[in-house]
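[1] Have a look; sequence and predicted model below, questions after that.
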Amino acid sequence: MSARTTVLDPAVRDAMVAFSAAAKKGLGDPGLAELLMIRASQINACAFCLDMHHDIAVAKNGENPERIALLSAWREAGTLFSERERAALELTEAVTLLTEGSVPDETYARAAQHFSETELAHVLGVITVINSWNRLMVSRRIEPGGPAW
């Protein structure tokens with residue numbers, strides 16, 4: 001599979017970058033934001049985003065590589081992920097897989113127990129923006145380390 005030459009218009013790129021920054025900033029926990037971005041990117045098979053967010057999580061946020069390696073099996077990883085992280089990961093999967101149905105009320109309620117209303121809005125923002133980035137990169141066949149713009 002080769003990269004496509006479709007260029008991401010600067011206005012679209014700038015809006016997406018601003019959306020990403022706002023969603024992450026309002027969450028206040030860059031480590032959690034990266035975990036959610038990695039999990040959605042795993043589901044969406046976005047190699048570009050997986051590569052980038054893995055590097056950010058480990059190099060910038062000091063994330064434990066073992067946690068990233070076990071992220072796709074977070075339910076079975078015991079106490080490796082906090083209850084707060086688990087609630088956010090469950091919500092990430094539900095929102096990312098909307099084609100399989102709606103977000104279950106129980107999933108949303110569980111997340112709402114761990115996040116304030118504002119934080120929850122930012123969790124949803126992080127999930128939404130990474131799903132958008134995944135779709136942009138996958139549809140354009142951007143490979144890990146490749147040019148995104």
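    Sure, I can see it.

[2] neighbours of Leu71, just the number please.
    Applying other CB atoms under 10 Å, we find 21 residues neighbouring Leu71. From N, CA and C alone the C-beta is placed, and that goes for glycine too.

[3] just checking, it touches Gln42?
    Yes: with contact defined as CB atoms under 8 Å, Leu71 counts as touching Gln42 (6.8 Å).

[4] Need the residues touching each of these two.
    Common contacts of Leu71 and Gln42 (CB atoms under 8 Å, 6 or more residues apart in numbering): none found.

[5] For the spatially closest residue to Trp149 that is not a sequence neighbour, what are phi and psi?
    The shortest distance from Trp149 to any residue other than its chain neighbours is 5.1 Å, reached at Leu8 (CB to CB, 6 or more residues apart in numbering). Note on Leu8: its backbone torsions stand at phi -80, psi 120 [degrees, to the nearest 10].

[6] Isn't Leu8 up against Arg135?
    No: using CB under 8 Å as the test, Leu8 is too far from Arg135 to be in contact (11.8 Å).

[7] Would you mind measuring from Cys102 to Glu85?
    Let me fix one detail, which is that residue 102 is Ser and not Cys. Distance from Ser102 to Glu85, counting by CB to CB, to the nearest Å: 23 Å.

[8] Can you find the helix or strand of this structure with the lowest average pLDDT?
    Lowest by mean pLDDT, DSSP states H and E among the helices and strands of the chain is helix 10-27, with a mean of 93.

[9] what does that helix contact?
    Residues outside helix 10-27 that contact it (CB under 8 Å, 6+ apart): 30, 33, 118-119, 121-123, 125-126, 128-130, 132-133, 136, 149.
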